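**Q** Turn this into a model:
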Amino acid sequence: MNINTSKVAVSRSQEVNASNIQFGKTYSDHMLIADCINGVWQEPQILPYGDISMSPATTFIHYGQSIFEGIKAYKNEEGEIHIFRPTDNWKRFNISAERMAMPHVPEEIFMNGMKELIALDKDWVPNIDDCSLYIRPFMFATDEFIGIKPAENFRFMIITSPAGAYYNKPTKIYVQNKYVRAFPGGIGYTKAAGNYGACMLPTMETRKLGYDQILWTDGYDHKFVQEIGTMNVFFVLGDKIITPDLSGGTILAGVTRDSAIKLLNKKGYTVEERPLTIDEIRESFYKGELKEAFGTGTAAVIAPISELFYDGQTMNLPPVEEWEVSNWLKKELADIRYGRTEDKYHWMYKVC
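**A** Residues are numbered from 1 along each chain as shown. I've put the predicted structure just below:
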């Protein structure tokens, strides 16, 4: 596959202070663009990062045919750059595409395009702990047509951004029992833009109350926990680690979630993927069996939860420094990503 590349004259990478990176605020020098016109993928291009123009009638603006992924690249102690499990993100991207009546993006465009883009912008990958290059592949419908029907033309793009820690301290979580994120048969398992748009008002209300994020519950009885706005969720209840299962189609199949389950199982922990109610969590708390709660996600990585608020009651968890499971898991994942330990699962995809 040939990728036409137009480079910037002077890189802006030296302007970035790696010790003070704000997530999603700064973007790298280049971006990748590939158009699908009437079902045929055109030759990809790598261009200087910049604005794109479009018609006010562009389909995705009006009808929401838009999906995305989140991936990270890391620099090890030898200066080599690797991407964490990008093939799994490519597969999940196409699962989202299928549900949203969008074309599959070929692996050579997704993977080779990403590799060339990051190799070109390698100086943007931070070389300090807890930092990475965040990679955002996305696709949207580009028909110039105001009418409710699946589009015929699409644009796939990748942009990248140096990233520090998403959460700088343990999170406070509000358990939602009014609004609903996803129902069975809907698009909860996809990374469609509309999933996140529908969460904006509840999240804003939650933050006004002093909480960082929402733990969503099912739309029928508000009893079964699903996921947090930016991540999947795990609970250490007694001697078991429990995370909501994916069978209902309302929860994103997180790549970090899957990695955590594999590592925890290998370590010898008992991990259960099953339906989990907020009542079971609350009962475990009052019995003294709720030892840890944490989120997993590309942006958040491993995010400890210090507090859960549900139905007028606050559940404060033990000090994070005392936690066994999530502290071990965070270090194990970091050691793999930064090349400090053997990558036994072949998760790291070398760029350069």
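
**Q** Other residues contacting stretch 90-102?
**A** With contact meaning C-beta atoms under 8 Å, 6 or more residues apart in numbering, stretch 90-102 is reached by 65-67, 69, 103-105, 107, 110-111, 137, 139, 141, 150-151, 154, 187, 189-192, 253, 255. Every C-beta, even on glycine, is put in place using the N, C-alpha and C of the backbone.

**Q** buried sites along it?
**A** Buried residues in stretch 90-102, counting neighbours by 16 or more other C-beta atoms under 10 Å, are found at Trp90, Arg92, Phe93, Asn94, Ser96, Ala97, Met100, Met102.

**Q** May I have that stretch exported as CSV, CA atoms only?
**A** Extracted in CSV, the C-alpha atoms of stretch 90-102 (Å, rounded to 0.1, in the frame of the first residue of the first chain):
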residue,chain,number,x,y,z
TRP,A,90,-8.8,-2.5,14.6
LYS,A,91,-11.1,-5.5,15.1
ARG,A,92,-13.3,-3.6,17.5
PHE,A,93,-13.4,-0.6,15.2
ASN,A,94,-14.9,-2.7,12.5
ILE,A,95,-17.4,-4.2,14.9
SER,A,96,-18.6,-0.6,15.6
ALA,A,97,-18.5,0.1,11.8
GLU,A,98,-20.8,-2.9,11.1
ARG,A,99,-23.3,-1.8,13.7
MET,A,100,-23.4,1.7,12.4
ALA,A,101,-23.8,0.6,8.7
MET,A,102,-20.3,1.8,7.8
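
**Q** quick one: which of the contacts of stretch 90-102 sit in helices?
**A** Here DSSP state H is the test, and the contacts of stretch 90-102 give Glu107, Val255 as lying in helices.

**Q** Please pick the buried ones from the contacts of stretch 90-102.
**A** Judged by 16+ other C-beta under 10 Å, buried ones among those: 65-67, 69, 103, 105, 110-111, 137, 139, 141, 151, 154, 187, 189-192, 255.

**Q** from the residues you listed, which ones fall inside strands?
**A** Per DSSP state E, strands hold the following members of the buried ones among the contacts of stretch 90-102: Ser66, Ile67, Pro137, Met139, Ala141, Phe154.
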